[in-house]
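1. sequence plus the predicted model coming up.
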Amino acid sequence: MILMLAVIQSRDSENTIAALTEKGYYVTVLSTIGGFMKQKSTTLLIGMLSDEMEQVKSILREKAGTREEPDYSSSVYAAPSEGNIQMHSFLSRSLPPVMRSVGGVTAFTIRLDSMEKF
């Protein structure tokens, strides 16, 4: 028996939990905050048999793993100043988005002597 603690971004939690429960895994959800930016995250407690760990990791990777997404925020460019407001407005609309790495899973596995439900 294994207990996996998987920390994921909160925005990935709904799809991840749905995929895990669809495959028959029981998931306990804890709302957590952590990391450098103190962003909201979700910690999933997932109990499984040892031979199911790869399938669970595959689901976590697919639904919450690290991926690249475009960032259309103009905050990555110089802020407008008194003399360049019109130029800043033009640049923020015409520059291509910056690709950012988002998501990711941090998983801890604990081997259990037993797991009981009652």
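-> Okay, I see it.
2. leaving aside the residues adjacent along the chain, what's closest to L49?
-> Leaving aside its sequence neighbours, L49 sits nearest to M1 (C-beta to C-beta, 6 or more residues apart in numbering; 6.5 Å). Just so you know, the C-beta spots here come from the backbone N, C-alpha and C atoms, and that holds for glycine as well.
3. what do you get for F108?
-> L5 (4.4 Å).
4. tell me who's in contact with S114.
-> Counting by C-beta atoms under 8 Å, 6 or more residues apart in numbering, S114 touches M1.
5. give me the element it is part of.
-> Remark: S114 resides in no helix or strand, with elements defined by DSSP states H and E.
6. per-residue pLDDT of it, please?
-> Listed pLDDT for S114 reads 85.
7. ditto for H88
-> Here, the pLDDT recorded for H88 equals 52.
8. which elements pack onto the lengthiest helix in the chain?
-> Taking DSSP state H as the criterion, the chain has its longest helix at helix 53-64. If contacts are counted by 3 or more C-beta pairs under 8 Å, 6 or more residues apart in numbering; DSSP states H and E, helix 53-64 sits against strand 2-9, helix 13-22, strand 106-111.
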